[in-house]
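Colleague: Can you look at this prediction? I've put the sequence above it.
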Amino acid sequence: MIQAILSDMDGVMLDTEKLYVRFWCEAARFYGYPMETRHALGIRSLGRPFAVEKLRGWFGADFDYDLVRDKRVELMDAYVAACGVAAKPGAKPLLQWLKANGYQTALATATPVERAARYLEQTELLAYFDVICSARQVPHGKPAPDIYLYAAAQLGVPPERCMALEDSQNGVRSAVAAGCQTVLVPDLDDPSGELQGLPFTVADSLADVIQLLKNDR
């Protein structure tokens, strides 16, 4: 029986994945790298070493990850300061239902803790999370299982008693490797066809996650 929910942030709780895609592309093109949406989606949720390897495979060994990433952060920070961020449809009702029904909740994100907390506070979701866990707190980012193992440990719940909510291929691989009961909630694309053979469930929306949990009882 599920005792805790571990959720990715961008593309699951917040409608920010599209911003990362946009500003990764803009930052890369600023420095002359012809990044397209498919490339930005390909590094979604990837830990830094894995992302560097992919990007250099696409754009050459001279691809300066830190330079481009810093530009992406600059562009996205400016946008968020002017326009803010938005919660995904159904995020707040799901979190309210989880709290009302006694589930523990943890965020498992690649975003630094302080930035994640700021975004969640802006969207009035912060109070619903018991803990925020960042890939910066573990040795290896997604698709390694570290972030989900860490999040489960912070709540004191075995991974197999946790439901993980993800929107990306790399995130699903991470959660499955950690032993979580994994649910894919597609956002910008549906990577389920690339995950054949892995044990996970697809939910069309966050509202459907509530029904999955009711069925688990």
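Modeller: Great, that's in hand.
Colleague: domain ranges for this structure?
Modeller: According to automatic domain parsing, the chain comprises the domains 4-15+86-216, 17-83.
Colleague: just the strands in the protein please.
Modeller: Remark: strands assigned in the chain by DSSP state E are 4-7, 104-109, 131-134, 162-166, 181-184, 200-202.
Colleague: what about these, which gets the closest to residue 150?
Modeller: Checking the strands of the chain against residue 150 by CB to CB gives strand 131-134 as the closest, at 5.4 Å. C-betas here are computed from N, CA, C, even on glycine.
Colleague: which other residues reach the closest one?
Modeller: Residues from elsewhere that reach strand 131-134, judged by CB atoms under 8 Å, 6 or more residues apart in numbering: 106-113, 116-117, 120, 147, 150-151, 154-155.
Colleague: Residue 49: neighbouring residues, count only.
Modeller: 12 (other CB atoms under 10 Å).
Colleague: distance of it from residue 41?
Modeller: Distance of residue 49 to residue 41, given as CB to CB, to the nearest Å: 19 Å.
Colleague: Out of the contacts of strand 131-134, which is nearest to residue 166?
Modeller: Distance to residue 166 across those (CB to CB) is lowest for residue 108, with 8.8 Å.
Colleague: Tell me the bridge partners for the closest one.
Modeller: Counting by DSSP bridges, residue 108 forms beta bridges with residue 133.
Colleague: Touching, it and residue 10? I think so.
Modeller: No. Counting by CB atoms under 8 Å, residue 108 does not reach residue 10; the two are 11.3 Å apart.
Colleague: ok, the two, which is more surrounded?
Modeller: The neighbour comparison of residue 108 against residue 10 (other CB under 10 Å) goes to residue 108, with 34 against 26.
Colleague: mind listing what the more buried one touches?
Modeller: Residues counted as contacts of residue 108 (CB under 8 Å, 6+ apart) are 6, 7, 8, 133, 147, 148, 150, 151, 164, 175.
Colleague: How about residue 141?
Modeller: Neighbour list for residue 141: 45, 46, 47, 48, 49, 50, 110, 135, 147 [criterion: CB under 8 Å, 6+ apart].
Colleague: I'd like the residues you listed written out as TSV, with distance to residue 57 added.
Modeller: Shown next, in TSV, are these (distance: CB to CB, whole Å):
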residue	distance to residue 57
45	18
46	12
47	16
48	15
49	13
50	11
110	20
135	21
147	24
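Colleague: Show the buried residues in these.
Modeller: 45, 46, 47, 48, 50, 110, 135, 147 (16 or more other CB atoms under 10 Å).
Colleague: what's the nearest residue to the fourth one if we skip its chain neighbours?
Modeller: When you say that, I think you mean residue 48. What sits nearest to residue 48 in space, not counting adjacent residues and going by CB to CB, 6 or more residues apart in numbering, is residue 141, at 6.4 Å.
Colleague: re the thing from before, so which of the domains of the chain is the most packed in?
Modeller: Between those, domain 4-15+86-216 has the highest mean count of neighbours, a mean of 19, where neighbours are mean count of other CB atoms under 10 Å.
Colleague: longest single helix anywhere in the chain?
Modeller: Longest helix of the chain, by residue count under DSSP state H: helix 65-83.
Colleague: what sits up against that helix?
Modeller: Helix 65-83 is contacted by residues 19-20, 23-24, 26-28, 30-31, 33, 48, 51-52, 55-56, 119 when judged by CB under 8 Å, 6+ apart.
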